[in-house]
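Trainee: Okay, predicted coordinates and the sequence, questions at the end:
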Amino acid sequence: MASLIKKDTLWRHITVLVPYLWLLVFFLLPFGIILKISLAEPVLAQPPFSPTFDETGALSVNTDNFAFLFRDKLYALTYLKSVLMAAAATICCLLLGFPIAYGIARSDPRTRSLLLLLIVLPFWISFLLRVYAWMGLLGNYGVINNFLMWLGITAQPIQILYTDFAIFLGLAYSYLPFMILPLYATLERMDLDLVDAAMDLGASRTTAFWDITWPLARAGVIAGCMLVFIPAMGEYVIPYLLGGPDALLIGRVLFDEFYVNRDWPLASAVAIMLLVLLVVPIVVLQRNQARDEEQAI
Amino acid sequence: MRITITIAGLVALLLAACSGGDRAAGADSKIVNVYNWADYLAPDTIARFEAEYGIKVNYDLYDSSEVVDVKLLAGNTGYDVVFHSYSYASKLAPVGLFEVLDRSRLSNLGNLDPKIMELFDSFEAVRDLAVPYHWGSTGYAWNYDMIRERLPDHAMDSADVLFDPEIVAKLADCGVSLLDGASDVISHILAYHGRDPAAVDEESLQFAEQRLREIKPYIRYFSNEKVLSDMPNKEVCVAMSWSGDYAQAAARAVEAGIEIDLRYTAPKEGTRLWVDGMFMPSDARNKDNAYLFMDFMLRADIAADIANVVNYANANRASWQFIEPQVLEDPAVFPDPKTMDSLFVVYPADPIPERARTRAYARAKSGI
């Protein structure tokens, strides 16, 4: 009997260990390596940064890279621009995604899987190809401009490609499914009797939505927003292909430091700052949410 | 040290995962691993080498010089022959990434033109490390009809359509693009204003940054690759680009059934020399086969076949008799004597001034 319990707890320990091991190998270890590089100096060698311990075995740490990020306003401005762009795309995805997810969740169960399939279907085509397709749509002599000129709305092509608007469009388009799917998951699980009960008690449709549906969907909203905002923040391909000359988002700056300047330590410092800027607000948000829920109970 | 090795290993692993896997093969096998630009060989070159020598070629492609740099710096690429630009490789040479080539094993070196080789020797750092492949000038491709609509009588022999704010403003609506690289853009701005293109002192960089800021509002974008698709699609009417790119863009237009009259100008104020060469990483495993491959590429008939397809100039004098006249006599492909005189070399600067140049460029580009 005693051995059975022991075995049981052992298994529990092992299953708990798996996610920790995953985090250790695929998050903490790479993070440690990047942190290490960010504290080195760029040197012309293979690999192109100074070792953490010099020949005498003494620890050599160089914080200049981080200081440089604060000295040169290029970085602050690109971080800010990336945040604004990602936030705009997230809001757009939410405004479009919520009604879509709501519609799917409330549709006939038989059509539901078909509708979900349609949302996921674009993933079967390479992401890069879809962004290239947007270049063909938005170009000066692309589908949209040709159509507008054919209609006679404009005589000269309207510059859409290579503008910030094109980046915004690309981000919102590419990440929309990441908003819809978690929203759908929470809305589908929601107990509809609660809405009926609210309306029985005299709530209007709008009141029932804001007092019942919206709070219950909040977990999905937060998950969807994170799934859109975080990758959009560091997006490289979309601004590169669709953006204009001043589309200097953080993903591009990272690329330039790493590939063009061959300054791996500075590039690592940029990456670490990006992580700090993303992780700290999210942890605070989650703490607050957990506290709110505790208070609610 | 162990950590460094682990990191290098991890980075290499990551890069390998991204690029679809490196080659791992023992020495002395009948293979050679080659890494080259996309669209940079004749279609039958590899097959002919394999048939003649019985050596299998693993042919891998890249589309940006930066990626090659990073792979080489991370080490253990598994490649035996790497095609790379002389200016990029010059920065990597002091690290000892490349093998010093044994000239005695390259029997076809005599095919090369001594005068052009003298020109290439200005890239001192790679003189003993590389076999030259293609080369050319840096200028701009332009759409004849779109330009003539806006500038009917303009001479189109100067870099003013790229760097004079008044003229660029007139072309902004049809699209002007610049190459995306600090050394290319800044050196040509300095040359256009009659200054030393290679200068990296503070005053020169400030001057160039200021001039770039003045034209930036009229520049549609900075890119090294988009010219190939955007010239045929009429997204831009003037694109700063490397010689030969315009010919590829024209070929793509023909493929797509678009009628377009593309031209190329190497600006009279000065044009930067670019050279691509074949290098052997010092950790190459099949060095004997790599020598055979390089020597094969130096053969007159092979070099001519390739030049006829890719539309770039080579330094292979013996091959010129086999090159089609419309390629050989096109001054946009094989620089004419006038262009030869205006060629300049921008040698990579030391890390600190190089960073200053990149910063000046990035600041002007982003408008900060």
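Mentor: Structure's in. What do you need?

Trainee: what does chain A put close to chain B?
Mentor: For chain A, the residues in contact with chain B (CB under 8 Å from any CB of the partner chain) are A:30, A:33, A:36-37, A:42, A:44-48, A:51-53, A:72-74, A:77-78, A:139-141, A:156, A:161-162, A:243-246, A:248, A:256, A:258-263. Every C-beta, even on glycine, is put in place using the N, C-alpha and C of the backbone.

Trainee: taking those residues one by one, which sit in helices?
Mentor: Under the assignment DSSP state H, the residues of chain A next to chain B contribute A:30, A:33, A:36-37, A:73-74, A:77-78 to helices.

Trainee: Tell me which residue of chain A lies closest to chain B.
Mentor: Closest residue of chain A to chain B, CB to the nearest CB: residue A:259 (3.5 Å).

Trainee: Go ahead and confirm that residue touches residue B:70.
Mentor: Yes - with contacts counted by CB atoms under 8 Å, residue A:259 reaches residue B:70, the gap being 6.0 Å.

Trainee: between these two, what contacts are shared?
Mentor: Residues touching both residue A:259 and residue B:70 (CB atoms under 8 Å, 6 or more residues apart in numbering or on different chains): there are none.

Trainee: so where's the stretch 151-297 of chain A uncertain?
Mentor: A:296-297 (pLDDT under 70).

Trainee: Can you select the buried ones from the ones in helices among the residues of chain A next to chain B in ChimeraX?
Mentor: With 16 or more other CB atoms under 10 Å in any protein chain shown as the criterion, this ChimeraX line picks the buried residues out of those:
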select /A:33,36,37,74,78
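
Trainee: Can you convert the ones in helices among the residues of chain A next to chain B into TSV and add a column each for pLDDT?
Mentor: Formatted as TSV, these follow (pLDDT from 0 to 100):
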residue	pLDDT
A:30	93
A:33	93
A:36	92
A:37	92
A:73	83
A:74	82
A:77	88
A:78	88
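
Trainee: about what we covered before: now that we have the residues of chain A next to chain B, which of them are buried?
Mentor: Among the residues of chain A next to chain B, those classed as buried by 16+ other CB under 10 Å are A:33, A:36-37, A:42, A:46-48, A:51-52, A:74, A:78, A:139-140, A:161-162, A:243-246, A:248, A:256, A:258-263.

Trainee: Show me those that map onto strands.
Mentor: Judged by DSSP state E, these include no members of strands.

Trainee: circling back: and the residue nearest to the residue of chain A closest to chain B when sequence neighbours are not counted, how many neighbours?
Mentor: Nearest residue to residue A:259, sequence neighbours excluded (CB to CB, 6 or more residues apart in numbering or on different chains): residue B:66, at 3.5 Å. Other residues lying near residue B:66 total 18 when counted by other CB atoms under 10 Å in any protein chain shown.

Trainee: Next: the one 3 residues further on.
Mentor: Residue B:69 sits with 21 neighbouring residues when counted by other CB under 10 Å.

Trainee: buried stuff in the helix or strand it falls within?
Mentor: Taking DSSP states H and E as the definition, one finds residue B:69 inside helix B:65-74. For helix B:65-74, the neighbour count (16+ other CB under 10 Å) marks B:65-66, B:68-74 as buried.

Trainee: Out of these, which is nearest to chain A?
Mentor: Using CB to the nearest CB, residue B:66 is the member of these that lies nearest chain A, at 3.5 Å.

Trainee: wait, doesn't that closest one sit right on residue A:256?
Mentor: No - Residue B:66 lies out of contact with residue A:256 (CB under 8 Å); the separation is 9.1 Å.

Trainee: Could I get the CA-only coordinates of stretch B:149-167 as PDB?
Mentor: C-alpha atoms of stretch B:149-167 as PDB (Å, rounded to 0.1, in the frame of the first residue of the first chain):
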ATOM      1  CA  GLU B 149       7.700  61.300 -69.100                       C
ATOM      2  CA  ARG B 150       9.100  63.300 -66.200                       C
ATOM      3  CA  LEU B 151      12.600  64.300 -67.300                       C
ATOM      4  CA  PRO B 152      12.400  64.500 -71.100                       C
ATOM      5  CA  ASP B 153      15.900  65.800 -71.800                       C
ATOM      6  CA  HIS B 154      17.800  64.700 -68.800                       C
ATOM      7  CA  ALA B 155      21.300  63.300 -69.500                       C
ATOM      8  CA  MET B 156      20.900  60.200 -67.300                       C
ATOM      9  CA  ASP B 157      24.600  59.800 -66.900                       C
ATOM     10  CA  SER B 158      25.000  61.200 -63.300                       C
ATOM     11  CA  ALA B 159      23.900  60.100 -59.900                       C
ATOM     12  CA  ASP B 160      21.800  63.300 -59.600                       C
ATOM     13  CA  VAL B 161      18.600  61.200 -60.200                       C
ATOM     14  CA  LEU B 162      19.500  59.500 -56.900                       C
ATOM     15  CA  PHE B 163      21.000  62.200 -54.800                       C
ATOM     16  CA  ASP B 164      19.900  65.700 -56.000                       C
ATOM     17  CA  PRO B 165      16.800  66.500 -53.900                       C
ATOM     18  CA  GLU B 166      15.300  68.700 -56.600                       C
ATOM     19  CA  ILE B 167      15.500  65.900 -59.300                       C
END
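
Trainee: Just the residues contacting that stretch, thanks.
Mentor: So stretch B:149-167 is contacted by B:139-140, B:142, B:147, B:168, B:170-171, B:174, B:176, B:178, B:188-189, B:191-193, B:211, B:214-215, B:218, B:237-238, B:240, B:263, B:265, B:267-269 (CB under 8 Å, 6+ apart).

Trainee: Out of those residues, list just those in helices.
Mentor: Reading helices off the contacts of stretch B:149-167 with DSSP H, I get B:147, B:168, B:170-171, B:188-189, B:191-192, B:211, B:214-215.

Trainee: Make a markdown table from those residues and add pLDDT to it.
Mentor: Converted to a markdown table, the ones in helices among the contacts of stretch B:149-167 look like this (pLDDT from 0 to 100):
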| residue | pLDDT |
| --- | --- |
| B:147 | 95 |
| B:168 | 96 |
| B:170 | 95 |
| B:171 | 95 |
| B:188 | 97 |
| B:189 | 97 |
| B:191 | 96 |
| B:192 | 97 |
| B:211 | 97 |
| B:214 | 95 |
| B:215 | 95 |
